[in-house]
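Undergrad: Model the following, please.
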Amino acid sequence: MTALSADRPSLNPQEDLFGHAPFAESLANSICRYPGNDGLVLALYGPWGAGKSTVLNYVRHFLEQRPEAEQPAIVTFNPWWFSGQENLARAFLGQLQAVLPAKSEKFEQLGDLLADFAEGVGGLIDLTGVSGGAGGLIGKLLGQAKRKPKDVPALKDSITGILRKAGKRILVIIDDIDRLTPEETRQLFTVIKALADFPNIVYLLAFDREVAAQAIEQQSGMPGERYLEKIIQVPFELPSVDRVALRATLFKRLDEILGNTPDGLFDQSYWTNAFHDGIDPLFKVPRDIVRFTNTLAVTYPAVRGEVNPVDFIALEALRVFLPGLYNVIRTNQEKFSGHSRDNRYDGDQRAIAVFHEQWVQTLPEQLRPSTRSLLERIFPKIGQMGYGVDWLAQWRRGLRACHPDVFPTYFRMTVPPGAVRRSEILALLSLAETPAALGDALVQATSVKRPDGLSKARALLERLMDHVEEDIPSEHIPVFIGVLLDIGDSLVLESDKRGSFDFGNESRVTRVVYHLLKRVNRTQRQSLLNTGIEGGRGIDVQGYLISRLSDEVKKEAEGGEEALVDTATLDGLKAFWLDGVKTKLSESELLAHSKLSRLLAAWCLWGDPAEVKTWCEAATSTDDGLLAFLQKFCSYTRSQTVGDWAVHSHPRLNPAWLERYVNTSACAQRLMDLLQVGSVPDTARESVEQFLKEFEMLKAGKNPDDAFED
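TA: Residues are numbered from 1 along each chain as shown. Here you go, the predicted structure:
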């Protein structure tokens, strides 16, 4: 995994990434050149994460590079370390007591004096601010002062004399003030105000001015800005970070995290547009980069190769910087993913507009236009331009977040159970070098069930279609066509079809074949079809493909677009197919075929109906043959009562459907005899009973088709 970056300020100006070093050097020079010996308070203002601590480190570095005689004695005090303690005044003076004597022999006498001064002044200093009452902490401190009285003015005069006599400047650096609680912030500034008149001491404070001002105002009731102005003589605003440098740092870190992203997923043009649309404005200070890239270093490896890297960067940026919006997207998939017409609420355009306007209004005003532009690019459905269903294949191939199948991966941080990984599709494409292995992989996928009950074979065929246009080399086209026309029937599962309007896998198989055929010229197309249908055993998918090609030829004859094949080629394909029906499968194999009814219909249409009837009579001459034959014609209708969630399934088997194949009256008598003697197995009972039920309706002059429609 890519190493995480510690959110620590830089120490060495040579590692400066954001242009802080020149400012820090100028500030260090100003401190050394300060001509007076009066106390001085400098402040460095900047928002959290902007680099204040880095500037302080650089100031110290530049001061330590100067000749020893010019170097001030540097005392660092981080009040956040003492947060929660009773009195920051004591902590601050204790830090001076601990550091200064070790800096120079001139300060050795300060040790005991500062200790006594801290004890004497610790509780009294708090009274210079607003204590909020005489009891509690203040009463305790005053009690301590009374028990151990100190001559505070005398102590202060002694300390002042030593500091003036030493003639050495002291720089007190105080950082992280804006991390304190409001009460601690007020207390610290009270301390600084009370001690700021010691000679030769320069205070360099770093904090967010707005945060500190609000804290002081909250605790004291006084205007925070005015209060700070009375304490700070020289304020500095941290220079804005160079946007070019900020971007360069972000890009460098992204390269480290996403450097081994699979080929073909990263689109430079798409990245450029998405970045400038709305990603770039989210990064304001260096800490933003650390926070974001640390997050990305953890989340991206789990989905590498299964998401579009640009979309993932954008959505993770929203998760870090605009978590409210991220949650809106995560919990409203149907309103963001899919094509323009693929939603239940599309008829109510006003409701759509209101929904999207609501999340826009929750954003910071300055981010509204850019963030909306970003989301319209990631989720084209929400934009003004229309994106129809034909875009879905391209979006899924690119693993875009806007595709409904891919969307969950971005928010679960893992590929959903049963989903097809991109690596699996690429592995499948590579099997074209070994056609037998390609066929085995597809057939084996039929035994793998996803959580929704559909097979993995269905998912593979759908994903394979996304790669037909660009990712299957021309030399592999014959392999894929040959394999699919050979093993295609093994991929057709009734359980993979959901509802009357769903397409079966025969449609998915033939779509792949059809679009591969479109990539070759007419001569090669004819050759591939002849070879595939003559040599392959997938008679059902072959017949399904020939039917689709026949429809095209008819439409061309009626003035439509040019068909994929001409009439002569189509007739030849039908002849090959008819020969295959009669020779490739034994009687028992054909009788057991799940699509027997469709095969017999095509055989009648393209061949000799009398020959088909002869075959059917022979196949049903035995009781087992008749029962097996009958089950292949049983179909189901579905109904749902208004207000009822349950869907009811009803069997259908109209004897009229079988009249061109068998003597239905004779079959009915045989079936009644079998029922009477108890020779109908449970697997065939529903078909037999439904056949006889509708047979009786026909005898009574009723059309079962009309009756069941009602």
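
Undergrad: show me where the stretch 51-200 of the chain has helices.
TA: 52-64, 88-103, 110-125, 136-147, 152-166, 182-195 (DSSP state H, counting those that start in this stretch).

Undergrad: weakest of these in terms of mean pLDDT?
TA: Between the helices of the stretch 51-200 of the chain, the one with the least mean pLDDT is helix 136-147; it has a mean of 42.

Undergrad: Compare the helices of the stretch 51-200 of the chain and give me the one nearest residue 394.
TA: helix 52-64 (45.0 Å; CB to CB). (Glycine included, C-beta is placed from N, CA and C.)

Undergrad: for that closest one, which positions count as buried?
TA: For helix 52-64, the neighbour count (16 or more other CB atoms under 10 Å) marks 52-63 as buried.

Undergrad: Which two of those have the greatest separation?
TA: Pairwise over these, using CB to CB, the maximum falls at 52 and 63, 16.8 Å.

Undergrad: Distance to residue 332 added to the helices of the stretch 51-200 of the chain, as a markdown table?
TA: Shown next, in a markdown table, are those (distance: least, CB to CB, whole Å):
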| stretch | distance to residue 332 |
| --- | --- |
| helix 52-64 | 39 |
| helix 88-103 | 48 |
| helix 110-125 | 55 |
| helix 136-147 | 50 |
| helix 152-166 | 65 |
| helix 182-195 | 38 |
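
Undergrad: what's the closest of those to residue 497?
TA: Closest to residue 497 of these, according to CB to CB: helix 52-64, at 62.8 Å.

Undergrad: and that closest one, how far from the chain's centre?
TA: Relative to the mean C-alpha coordinate of its chain, helix 52-64 is positioned 40 Å out (CA atoms, centre = their mean, to the nearest Å).

Undergrad: re earlier: export the buried residues of helix 52-64 as CSV, with columns for distance to residue 27.
TA: Shown next, in CSV, are those (distance: CB to CB, whole Å):
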residue, distance to residue 27
52, 12
53, 14
54, 12
55, 7
56, 9
57, 12
58, 9
59, 5
60, 11
61, 12
62, 8
63, 10
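
Undergrad: if we take the residues you listed, which one ends up nearest to residue 191?
TA: residue 56 (19.0 Å).

Undergrad: Against residue 77, how distant is that closest one?
TA: Using CB to CB, to the nearest Å, residue 56 is found at 11 Å from residue 77.

Undergrad: The one helix or strand residue 479 maps to packs against which elements?
TA: Assigned by DSSP states H and E, residue 479 falls within helix 477-487. In terms of contacts (3 or more CB pairs under 8 Å, 6 or more residues apart in numbering; DSSP states H and E), helix 477-487 is packed against helix 435-444, helix 505-517, helix 522-535, helix 539-557.

Undergrad: Mean neighbour count, these: which tops it?
TA: Most buried of the helices and strands packed on helix 477-487, by mean neighbour count (mean count of other CB atoms under 10 Å): helix 505-517, with a mean of 21.

Undergrad: before we move on, the earlier item: I'd like the helices and strands packed on helix 477-487 written out as TSV, with distance to residue 335 and mean pLDDT added.
TA: Formatted as TSV, these follow (distance: least, CB to CB, whole Å; pLDDT from 0 to 100):
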stretch	distance to residue 335	mean pLDDT
helix 435-444	35	96
helix 505-517	28	95
helix 522-535	43	95
helix 539-557	35	95
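
Undergrad: Of all these, which one is nearest residue 270?
TA: Using CB to CB, those put helix 505-517 closest to residue 270, at 24.5 Å.

Undergrad: Quick one: low-confidence residue ranges for the protein.
TA: Along the chain, the parts satisfying pLDDT under 70 run over 1-8, 82-89, 118-150, 263, 341-348, 499-501, 638-648, 707-710.

Undergrad: tell me, what residue is most central in it?
TA: Geometric centre of the chain, nearest residue: residue 410, 2.2 Å, by CA atoms, centre = their mean.

Undergrad: I figured that one hits residue 312, correct?
TA: Yes: between residue 410 and residue 312 there is a contact at 6.3 Å, judged by CB atoms under 8 Å.

Undergrad: hey, what's in contact with both of those two?
TA: Between them, residue 410 and residue 312 share these contacting residues under CB atoms under 8 Å, 6 or more residues apart in numbering: 303, 401.

Undergrad: can you pull the contacts of residue 569?
TA: Contact analysis of residue 569 by CB under 8 Å, 6+ apart lists 526, 529.

Undergrad: I'd guess it is in a strand, am I close?
TA: No: going by DSSP: H, G, I helix; E, B strand; the rest coil, the assignment for residue 569 is helix, not a strand.

Undergrad: Please renumber the chain so that the first residue is 797 from this point on.
TA: Right, with 797 as the first residue, what we last looked at is residue 1365.

Undergrad: distance of it from residue 1372?
TA: Taking CB to CB, one finds residue 1365 at 11 Å from residue 1372.

Undergrad: Tell me the secondary structure at the spatially closest residue to residue 1192 that is not a sequence neighbour.
TA: Computed as CB to CB, 6 or more residues apart in numbering, the closest residue to residue 1192 that is not its neighbour in sequence is residue 1199, at 4.5 Å. What three-state DSSP gives for residue 1199 is coil.
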